[in-house]
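> I would like to see how this sequence folds:
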Amino acid sequence: MDPKFFEENHSYGLTEKSDINNLGVLFWELTSRLSPFDFENKNHLEIIQIKQDILNNKLRETPIPITNDKFVSLYKKCWQHEPDKRPYTNQVIQVNPINPIDPKNKNVSTGLNSNESESSCEEYDINSD
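Numbers count the residues shown, from 1 in each chain. Next up is the predicted model:
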């Protein structure tokens, strides 16, 4: 959720720029294969502190070292604290295709192209109950 939405004056409504913020977080999740800030393993007080740090623009997810620098730059632009500094959807779409994993790390297994990846969509019948 867009941090601006939780500010005290509650005057900020969800917009395209909110979706862009969420897209940036999703990009980070895809390359890290982690949940942001590992909330599932935090206690209530830690979660409150993390949320407060995000609202005060003091904390964001840490990029994973094998992630392509251009992709990191893209998702950091998407999660800028001030919505006006975030790109528009058409600007994100127009970015040249970026390989999220840095090609210099060819021997790093991402699980994305391996035989051990999850079942394909073709194995599921979307019309079945």
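> Burial check on residue 61, number of neighbours?
Using other C-beta atoms under 10 Å, residue 61 has 19 neighbouring residues. To be clear about C-beta, it is placed using only N, CA and C from the backbone, and glycine gets the same treatment.
> and if you look at residue 49?
Neighbours of residue 49 using other C-beta under 10 Å come to 12.
> Which of the helices or strands spans it?
helix 44-55 (DSSP states H and E).
> In that helix, which residues are buried?
Neighbour counts over helix 44-55 (16 or more other C-beta atoms under 10 Å) mark 50-51, 54-55 as buried.
> could you dump those to CSV with pLDDT and distance to residue 71?
Formatted as CSV, those follow (pLDDT from 0 to 100; distance: C-beta to C-beta, whole Å):
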residue, pLDDT, distance to residue 71
50, 86, 24
51, 85, 26
54, 83, 21
55, 83, 26
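> Among the residues you listed, which pair sits farthest apart?
50 and 55 (9.8 Å; C-beta to C-beta).
> helices or strands up against the lowest-mean-pLDDT helix or strand in the chain?
Sorted by mean pLDDT, DSSP states H and E, the helices and strands of the chain end with helix 89-94, the least confident at a mean of 85. Applying 3 or more C-beta pairs under 8 Å, 6 or more residues apart in numbering; DSSP states H and E, we find helix 89-94 packed against helix 16-32.
> which other helices and strands contact the helix it packs on?
Secondary elements touching helix 16-32 (3+ C-beta pairs under 8 Å, 6+ apart): helix 69-78, helix 89-94.
> Show the low-confidence segments of this protein, by residue range.
Applying pLDDT under 70 to the chain flags residues 1-12, 96-129.
> again, only this time at 50
106-129 (pLDDT under 50).
> now, of the helices and strands packed on helix 16-32, which is deepest in the fold?
Among the helices and strands packed on helix 16-32, helix 69-78 has the highest mean neighbour count (mean count of other C-beta atoms under 10 Å), at a mean of 17.
> Now do it and helix 16-32, the angle between them.
Angle, helix 69-78 to helix 16-32, by axes from the mean of the first three to the mean of the last three C-alpha atoms, to 10 degrees: 150 degrees.
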